[in-house]
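J.: sequence first, then the predicted structure:
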Amino acid sequence: MKKKIVLFTVMAIVAALSLSVLLAGCTTVDMSKAGPEDIKAYGKLVVATSADFPPFENLENGEIVGWDIDVAKALAEKLGVELEIQNMEFDAVLSAVASGKVHMGMAGISNTPKRDESVDFSVNVFDSSQMIIVKADNTTINGPMDLAGKTVAVQAGTIGNWLANMDEDYAYEFDDDGNVLLDKPILGAPASVTKLANGMMAVQQVADGKADAVILDKLPAEAIVASINANGEKVKILETSVYDDAYAFAIGEGNTAFKEWIDKAYQELIDDGTIAELNQKWFGSSEE
C-alpha cells in the first residue's frame, strides 16, 4: 500500500510540474505585435540597446545612460509603465525586435531600406553621418576614395560595416530610377575589413596601428576619439563624411498601432521641450 501511495504522489508531482511548464510556455509574449494598450497591461516597456555608443547609450559606473535611454524613460512614463533595458551587442538588437523578445530597439539605429525589411521604424529622430577616423599623423587618407586598398576596422552590423564591405545598397551612387551604379562607388574599396563588437574597439585598432581607418557614426566617433586622445593626440576624424543617414527607433514589422503611438509621443516630447533639453544635455546643443 505504501508503495502505491508513494508512486501516486510522485506521479502527481510530475504532472503538476509538467502543467506549470506548459502554462509558462503559454504565457510567452510576442512583443513585436504589442500595441500601447498591450504594453500598459504588461506593465513595462522592454527596450533593446547596445551600451557602447556614446552619447546615445553607454555604461557609466555600471548604469546604462544616454540620449536614447532618457527618451525611453520619457516614453515609458507616458505609457505609465516601468522601463526594462536589455543590453546586447548591436548586431543582436534588430533580431531581438524582429523576434518579439523586446518591444523596441533604441541604439542609434540608422533607418535604412535593408533594415526595414525585417522591422518597422518610427519617425526619424536624429540626423547623422558616417565619418572616417585615422591616426593623427596619417597623411595618405584624406577622404573616402583614399580607403582603396587599406585595412578598415568597423563595428559589426553598422552602416560603416556595410560601407567598408562595399554593399550595393550603400557604397555606390544610384540613378534616378533607384538602380545601383556599380561603376560609381562613393568610397574606395578596402583591401580588408575587420569587424569588432563596438566602436571603441574599432578605433583602438587604428590607434594601435592595426588598421588604417575606421568608418563610424559622427557623434560616437567624436566621443570615442576624445576619450582615446585624452592623454595625447593619437587619432583624428576627417572632415568629409562618407554617407549621411538618420536614426529611428525600431519596432516590430507591421506594428502600426505602436508606431503611430511612438510618432505621436515623440512629437509631444518635441513640443513640450523635452527633446531640446536632452539634446542640450547629451550633445551640448538643443538642435539635432
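T.: It's in. Being a predicted model, the structure only gives us computed values, none of them experimental.
J.: export the host helix or strand of residue 132 to CSV, keeping only CA atoms.
T.: Taking DSSP states H and E as the definition, residue 132 sits inside strand 126-135. The C-alpha coordinates for strand 126-135 follow below in CSV (Å, rounded to 0.1, in the frame of the first residue of the first chain):
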residue,chain,number,x,y,z
PHE,A,126,18.3,62.2,-35.4
ASP,A,127,20.4,63.1,-38.5
SER,A,128,23.9,61.5,-38.6
SER,A,129,26.9,61.0,-40.9
GLN,A,130,29.4,58.2,-41.3
MET,A,131,32.9,59.6,-40.7
ILE,A,132,36.4,58.3,-41.3
ILE,A,133,38.9,58.0,-38.4
VAL,A,134,42.6,57.6,-39.0
LYS,A,135,45.9,58.0,-37.0
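J.: does anything pack onto that strand? Which helices or strands?
T.: The contact analysis (3 or more Cβ pairs under 8 Å, 6 or more residues apart in numbering; DSSP states H and E) places strand 126-135 against strand 104-110, helix 159-164, helix 199-207, strand 213-217, helix 218-228, strand 235-237, strand 243-252. Using the backbone N, CA and C atoms, a C-beta is placed for each residue, glycine as well.
J.: ok, residue 136 touching residue 235?
T.: Yes - if you go by Cβ atoms under 8 Å, residue 136 and residue 235 touch, sitting 5.8 Å apart.
J.: of these two, who's got more company?
T.: Comparing residue 136 with residue 235 by other Cβ atoms under 10 Å, the one with more neighbours is residue 235, at 21 against 14.
J.: and that one, what pLDDT?
T.: Residue 235 carries a pLDDT value of 98.
J.: which residues touch it?
T.: Residues near residue 235 by Cβ atoms under 8 Å, 6 or more residues apart in numbering: 133, 134, 135, 136, 203, 206, 207, 225, 228, 229.
J.: out of those, which end up buried?
T.: Among the contacts of residue 235, those classed as buried by 16 or more other Cβ atoms under 10 Å are 133, 134, 135, 203, 206, 207, 225, 228.
J.: what about the closest residue to residue 136 other than its chain neighbours, neighbour count?
T.: Distances taken as Cβ to Cβ, 6 or more residues apart in numbering put residue 233 closest to residue 136, at 4.5 Å, once the chain neighbours are dropped. Neighbours of residue 233 under the rule other Cβ under 10 Å: 12.
J.: in this structure residue 233 contacts residue 135, no?
T.: No - counting by Cβ under 8 Å, residue 233 does not reach residue 135; the two are 9.5 Å apart.
J.: walk me through the domains of the chain.
T.: Listed domain ranges for the chain are 31-127+246-283, 129-245 (source: automatic domain parsing).
J.: can you read off the pLDDT for residue 184?
T.: Predicted confidence (pLDDT) at residue 184: the value is 97.
J.: would you agree it falls within a strand?
T.: Yes - secondary structure of residue 184 (DSSP: H, G, I helix; E, B strand; the rest coil): part of a strand.
J.: circling back: distance to residue 127 for the helices and strands packed on strand 126-135 - can I get that in a markdown table?
T.: Listed next are the helices and strands packed on strand 126-135 as a markdown table, based on distance: least, Cβ to Cβ, whole Å:
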| stretch | distance to residue 127 |
| --- | --- |
| strand 104-110 | 10 |
| helix 159-164 | 13 |
| helix 199-207 | 18 |
| strand 213-217 | 11 |
| helix 218-228 | 9 |
| strand 235-237 | 17 |
| strand 243-252 | 5 |
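J.: nearest to residue 177, of these?
T.: Proximity to residue 177 (Cβ to Cβ) singles out strand 243-252 among these, at 20.5 Å.
J.: give me the sheet partners of that closest one and which way each runs.
T.: Paired strands of strand 243-252, with direction, are strand 104-110 (antiparallel), strand 119-121 (antiparallel), strand 126-135 (antiparallel) (DSSP bridges).
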